[in-house]
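Colleague: sequence and predicted model, in that order:
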Amino acid sequence: MATDTNHIALMFNDIAPTYDKLNHILSLNVDKSWRRKAVRRLKKSLANISNQKILDVACGTADSTIQIAKTVEDAKIIGIDISDGMLKIGEEKVEKLGLNDRIAFCKSCAENIEFQDDTFDAVFVAFGVRNFSDRSKGLTEILRVLKPNGTLMVLELSEPQNVIIRWFYNLYFKNILPFIGKRVSGNGDAYRYLQNTVERFPMPKEFMTMLETVGYQDVKHKALSCGLCRIYQAKKA
Ligand SMILES: C[S@@+](CC[C@H](N)C(=O)[O-])C[C@H]1O[C@@H](n2cnc3c(N)ncnc32)[C@H](O)[C@@H]1O
């Protein structure tokens, strides 16, 4: 793995034990409804396909992976991530829920996915794309492993465009979030990193152009919660 990727993996290993708790505290549990909405869209995109194969890239502690398994009932899902710590917690959750026959995990990075071309009916990435050390390479790899007509669904945090909402957002993200993040996880840097990655993530139009440049088609996007989060959807030709 590239140095950047190693560094990111170590950071997620460090915060893995408190990741779920902090996610739900910091988003006031809204992250759950964002995931549900994106997964419902994913299910819709898979209508008429049976025994779906879905890849959850940057699956972390498997919240989305589990949501997919519960919503898309026939699907087999593979979760990949670069962090052993995050994957271990995901594996434990899946085991507890008895979903091992539907969900498997593999340590693999988005920029070099260890699966053959045209393997998956859909690829899901929740709050992961902004962490890729080479975003364009990661999106190209995802396109490679998608089957023709397969769907990419990306869920990602974003800076709201309304000035007033952005003022509150900045106050929260730049001051309150790193403070709570440090108190609960002991790693303030990780939560400052979170804020930086959201700030550096391309604006919706720019990200959609990037998807098209890489080779995706039918690129769409939907803002959730006044633009605090966005769902991007695209297809492989
Ligand atoms: C913010 S977490 C999101 C986890 C999960 N998808 C969720 O919805 O909670 C970001 C995850 O991306 C993983 N990650 C970062 N860079 C990656 C890469 N290049 N390839 C695969 N996973 C990556 C991290 O290890 C971490 O688990």
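Modeller: Structure received. Numbers count the residues shown, from 1 in each chain.
Colleague: off-centre distance for the longest strand seen in the chain?
Modeller: The longest strand of the chain (DSSP state E) is strand 146-157. Put simply, strand 146-157 sits 11 Å off its chain's centre (C-alpha atoms, centre = their mean, to the nearest Å).
Colleague: may I see the buried residues of it?
Modeller: The neighbour-count check on strand 146-157 (16 or more other C-beta atoms under 10 Å) flags Leu146, Gly150, Thr151, Leu152, Met153, Val154, Leu155, Glu156, Leu157 as buried. Heads up, the C-betas are built off the backbone N, CA and C, glycines and all.
Colleague: same check, this time on stretch 13-32
Modeller: Buried, per 16+ other C-beta under 10 Å, within stretch 13-32: 13-20, 22-23, 26-27, 31.
Colleague: from the buried residues of strand 146-157, which single one is nearest the ligand?
Modeller: The closest of these to the ligand turns out to be Leu155 (C-beta to the nearest ligand atom; 7.2 Å).
Colleague: can you read off the pLDDT for the closest one?
Modeller: Note for Leu155: predicted pLDDT of 98.
Colleague: for Gly188, list the residues it contacts.
Modeller: Gly188 is in contact with Pro178, Phe179, Gly181, Lys182, counting by C-beta atoms under 8 Å, 6 or more residues apart in numbering.
Colleague: contacting residues around the second one?
Modeller: This means Phe179. Phe179 sits in contact with Gly188, where contact means C-beta under 8 Å, 6+ apart.
Colleague: do the third one as well
Modeller: Residues in contact with Gly181, defined by C-beta under 8 Å, 6+ apart, are Leu22, Leu26, Asn187, Gly188, Ala190, Tyr191, Arg192, Leu194.
Colleague: out of those residues, who's nearest Ser83?
Modeller: Closest approach between the contacts of Gly181 and Ser83, by C-beta to C-beta: Ala190, at 11.6 Å.
Colleague: looks to me like that closest one is in a helix.
Modeller: Yes: counting by DSSP: H, G, I helix; E, B strand; the rest coil, Ala190 is located in a helix.
Colleague: give me the number of residues near it?
Modeller: Neighbour count of Ala190, defined by other C-beta atoms under 10 Å: 20.
Colleague: assess the claim that it and Leu10 are in contact.
Modeller: No: using C-beta atoms under 8 Å, Ala190 is not in contact with Leu10, being 10.1 Å away.
Colleague: phi, psi for Tyr216 please.
Modeller: Backbone geometry at Tyr216, expressed as degrees, to the nearest 10, gives phi -80, psi 160.
Colleague: just give the nearest non-adjacent residue to it, would you?
Modeller: Nearest in space to Tyr216, with sequence neighbours left out and distances taken as C-beta to C-beta, 6 or more residues apart in numbering, is Ala234 at 3.7 Å.
Colleague: most widely separated two among the buried residues of strand 146-157?
Modeller: Spanning the widest gap among the buried residues of strand 146-157 are Gly150 and Leu157, at 24.5 Å by C-beta to C-beta.
Colleague: host element of Ala9?
Modeller: For Ala9, the host element (DSSP states H and E) is helix 3-26.
Colleague: give me the contact list for that helix.
Modeller: 1, 31-32, 60-61, 63, 81-86, 88-89, 109, 111, 131, 133, 177, 180-181, 184-185, 187, 189-191, 193.
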